[in-house]
Each structure stands twice: as structure tokens, then as C-alpha cells.
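In: Predicted model follows, preceded by the sequence.
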Amino acid sequence: MSRPVPWLLFVVIATAGCADHEFSSAGGVPPATHAVTAPSAREHLAQMLAVALADPAMRAAVKQRLDASSAAEGKVEFRSLMQADQSALLASLIRSNSATAAELMADLDAARGLELYLPVAAQRAAWTGDGNYLVATIADDSDVPVGFDSRGAPHVLDRARPPALPVLALVPQETDFTRPAPAHVVTCGDCDDGSGVGSGSVSGSSGNAPGLYLVQSHMTETFESWLKGAPEFEYHVYGLGDNGQSVELACTSEVTGGVYTWNQDDLDWSGSAMLLSDVDFKAYQAKHPGAPIRIVAWEDDDEPCVDHVDVSGVSALISAVDKAYTAVTSGKVDPWYVHGIHGATSIFNLVSALRNVILSNDDFIGNAVEGTITGDAPNGSNWVLKTNGTVTTGWFTTMRKQ
């Protein structure tokens, strides 16, 4: 659903010099004739931004906003950036390119949420805001990135490694800029489907609250393009919902907050992060006594802790795992077991948890299967992430804290 943009109309009225609001530039990008799809809109906006940043004053203003960002990796929300400083960037996008206000609005709506940053840490630290840069974009992690220089000329980039030239990434938004996670309280309100399950809270961030914890995690790859920066790994815990479907009980990620906070930027991690609190587990058991849980790992490509997936595709991958391990792909929480959870037969599928397909796909990493079932749990881990049958994508260790 597109958002109203009255600020855009204001800038157009204030800046326009002719009835059709068209602006020209001697070196600008020619008017686009592309169909307004999300990928083409992102590429056109990236091209327009690259041309607009040829202006040293505009480039310095954008660099200042990037430097001042408190978000991870110095990310800024693109729409907010355009509104900053009396919408100076938005006016520059229109003025420095052969564009119309209607075309820009169509691109913004089609591209949906976007964020801008320098994804390569070394480039982020070294770039002074000079004229040596590319503005690049990408849709899915498997796509080949395309970058644009200050003249708007396209450059096909290496999918596996960044170029030496500093790259500003204009990519689908992964950061929630509107709701910073509190450090003192954790809720699973985003997981609540109205049933009351998943609405409990855990106060404190000491890591001593009773529940099931993640203490070690390994991924076989990052599942993230370099253009999208560090991976945003997440563990989601699902339980039995209505009609044999599923409901999300908890999400453990870098933005969740409190004891549920967990950030794994490398292939290996160890520490302590909540997977499922006793508060949420007891609420779940009150509705479905004795029901198991499923633990699934994702690499987030859009909003944190919200699934945006190809439902049929991911369901097929999970079904193949269920078939390979005769449906012993869930877990039974046991407060007397040191690891806190045993393998159990799955009694629900995940279709209802995978309904949101509004944005681009999140990467499904794997469904957790107990190591005694798979027979291949490395390094003392007790759960293995499996996809498409018996393919291993990672493993992790759990611990019960009373």
C-alpha cells in the first residue's frame, strides 16, 4: 500500500517552473520509459541519485546524514533522507535529472521502502564524500548488482566481491527506523495473531530470565549479498495455531531487544540469547497442552522479524525436510533437560506463518532437526538446520535456564 507524500507535492510546487513540472539538465538522465516495477524503480532511483550526488554540496549533505546515523552500518531511510533539510535531496533529484514529479512518485511507490548506506565497512570508514563513488542497487541476493556513476552510466558489478570504488547501496529496507527496540523489555507483540499467544514479556536484559536459550550457532554461509552489508540472521519459534496451522511465538534477532537480542555477523557465534521465554511458553501451553514447537532460521531481507517469503517454495523445502526425517522436525520443551528441548513429531505446518509476501523474499535457511535424528550434529551442537530434505545449512546449541 503506497503512502501519501504531501511533502513531494510541496517541493514540486515550490520548485516547478512550468505547468507539467518537468525539469531538465544538460547532463541529466533521460526520461525513463521503463515499466514501473520494483526492480526497475530501484534502478532508476539509484541512477537519479548518482547524478544528483555529482553536486558537491548535495553530496556533502548526504554524507553528513550518513555519518550522523545511529542505525546499524550507518543506514538511513531513503524517504526520510529526501525530506531532510527542506527536502533538498528530493528537489535535487528532480532538478538534476530529466524527470517529472509523477515519474518520481511512481518510482518511490513501486520501490517501496528503501535504505541508503555504504555496506562495505572499509569504504564506509574511508570515503570522505568526494566524487569517486557509485550508487548501486540489487533486488535479491542472487542478482548481479548494477551501479551508476555521477554521469548516470551503468556498471555491472561482481556479485561476489565489491569494487575498489566506494559504493553507496540503495536497497530494499531491512531496518525498522520507526520503532527502536527497547533495551529493558522484550515483547513478542509482532508475533501475536490475536490469540493471545506470544504477547508475554520478559523484563531485564541480564540473560537470566527462565527459558530456552541459544548458546552457540553456526551458519554454512552468510546468505547475504555484499551490497546488503552484514547478514541479519534470525531464529523464529513457531507453535500450533488454529486449524493445524502455526503461530509465531518468538523471534530472536539483532533488533528484538533485551534477552532476545542476538547478532551474528560471522559464520560462528557463541553467547546467550533467549529463544523462548517461560512466559510465552506457558501461555502457549495453556492453549495447546503438550504441543511441540518448531525452530526455523531465516536471513532477513526486509522488515526484521517479519516473514516475507515465497510461501509455496519455502513450504516445499520444509515438506522435504519433514519427509526425510519422518516428520520428527519439531521440539518438545522439557524443563528438566539440560538442553531444554527434545526432538518431537511435528503436528502443524508453517503455511499460516508464511502468508506475508508483500515485499521481496527473505532467505529460508533451515528447519531445526535434533542432532540425534539427523546423525550429523557437529561441535557438540544438539540441533541441525536442514533444508530441501537433508541439506545442512547450519547447526546450533540450546540450553535451559531455570
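Out: Cool, got the structure.

In: What is the longest helix of the chain by residue count?
Out: For the chain, the longest helix by residue count, based on DSSP state H, is helix 78-95.

In: in it, what's buried?
Out: By neighbour count on 16 or more other C-beta atoms under 10 Å, the buried set for helix 78-95 is 78-79, 81-83, 87-95. Glycine gets a C-beta too; all of them are placed from N, C-alpha and C.

In: again, but for stretch 237-254
Out: For stretch 237-254, by 16+ other C-beta under 10 Å, it's 237-241, 245-254.

In: One more: stretch 289-300?
Out: By neighbour count on 16+ other C-beta under 10 Å, the buried set for stretch 289-300 is 291-300.

In: Least confident of the buried residues of stretch 237-254?
Out: Least confident of the buried residues of stretch 237-254 in the model: Gln245, at 75.

In: Next one: Ser142, what pLDDT does it get?
Out: Ser142 is assigned 68 on the pLDDT scale.

In: Can you pull out the low-pLDDT segments for the stretch 301-402 of the chain?
Out: 301-312, 335-336, 350-362 (pLDDT under 70).

In: So Met241 sits against Phe348, correct?
Out: For residue 241 the amino acid is Gly, not Met. Yes: under the criterion of C-beta atoms under 8 Å, Gly241 makes contact with Phe348 at 6.9 Å.

In: all strands in the stretch 251-400 of the chain, in order from the N-terminus.
Out: 268-277, 293-299, 330-333, 341-344, 363-370, 383-387, 391-401 (DSSP state E, counting those that start in this stretch).

In: repeat for the stretch 1-150 of the chain
Out: Using DSSP E, counting those that start in this stretch, the strands of the stretch 1-150 of the chain run over 76-77, 114-117, 134-137, 146-148.

In: Could you find the closest non-adjacent residue to Thr372?
Out: In space, and not counting its chain neighbours, Thr372 is closest to Gly343: 6.4 Å by C-beta to C-beta, 6 or more residues apart in numbering.

In: partners of that neighbour in the sheet?
Out: Listed by DSSP bridges, the beta-bridge partners for Gly343 are Gly331.

In: Number of residues surrounding the nearest residue to Ala139 once chain neighbours are set aside?
Out: Spatially, and ignoring its direct neighbours in sequence, Ala139 is nearest to Pro39 (4.7 Å; C-beta to C-beta, 6+ apart). A count of nearby residues for Pro39, using other C-beta atoms under 10 Å, gives 17.

In: go on, Thr372?
Out: Neighbours of Thr372 under the rule other C-beta under 10 Å: 12.

In: Distance check, it against Trp383.
Out: To Trp383, Thr372 is 10 Å away according to C-beta to C-beta, to the nearest Å.

In: Over to Gly331?
Out: Separation of Gly331 from Trp383 (C-beta to C-beta) stands at 8 Å.

In: what's the overlap in contacts for the two?
Out: Listed contacts common to Gly331 and Trp383 are 295, 368, 370; contacts here mean C-beta atoms under 8 Å, 6 or more residues apart in numbering.

In: Is the last one in contact with Gly331, as I believe?
Out: Read that as Glu370. Yes: Glu370 is in contact with Gly331 according to C-beta under 8 Å; the separation is 6.9 Å.

In: what's the overlap in contacts for these two?
Out: With C-beta under 8 Å, 6+ apart, Glu370 and Gly331 have common neighbours 342-343, 383.

In: I'd like the residues you listed laid out as a markdown table, including neighbour count and distance to Asp158.
Out: Formatted as a markdown table, these follow (neighbours: other C-beta atoms under 10 Å; distance: C-beta to C-beta, whole Å):
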| residue | neighbour count | distance to Asp158 |
| --- | --- | --- |
| His342 | 16 | 45 |
| Gly343 | 20 | 42 |
| Trp383 | 28 | 35 |
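
In: what's the closest of those residues to Gln47?
Out: Within those, the smallest distance to Gln47 is 45.0 Å, found for Trp383 (C-beta to C-beta).

In: quick one, domains of the chain?
Out: As assigned by automatic domain parsing, the chain contains the domains 6-172, 185-401.

In: List the buried residues of stretch 98-105.
Out: For stretch 98-105, by 16+ other C-beta under 10 Å, it's 98-101, 103-105.

In: Need these in TSV (columns: distance to Phe148 and pLDDT).
Out: Putting these into TSV (distance: C-beta to C-beta, whole Å; pLDDT from 0 to 100) gives the following:
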residue	distance to Phe148	pLDDT
Ser98	15	74
Ala99	14	76
Thr100	19	78
Ala101	21	76
Glu103	17	83
Leu104	16	81
Met105	21	81
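
In: Narrow these to those in helices?
Out: Counting by DSSP H, the buried residues of stretch 98-105 place 101, 103-105 in helices.

In: With respect to Ile138, which of the residues you listed is nearest?
Out: Of all those, the one with the least separation from Ile138 (C-beta to C-beta) is Leu104, at 20.9 Å.

In: neighbours of Lys287, just the number please.
Out: For Lys287, using other C-beta under 10 Å, the count is 15.

In: Am I right that Leu53 is in contact with Tyr133?
Out: Yes: with contact defined as C-beta under 8 Å, Leu53 counts as touching Tyr133 (6.8 Å).
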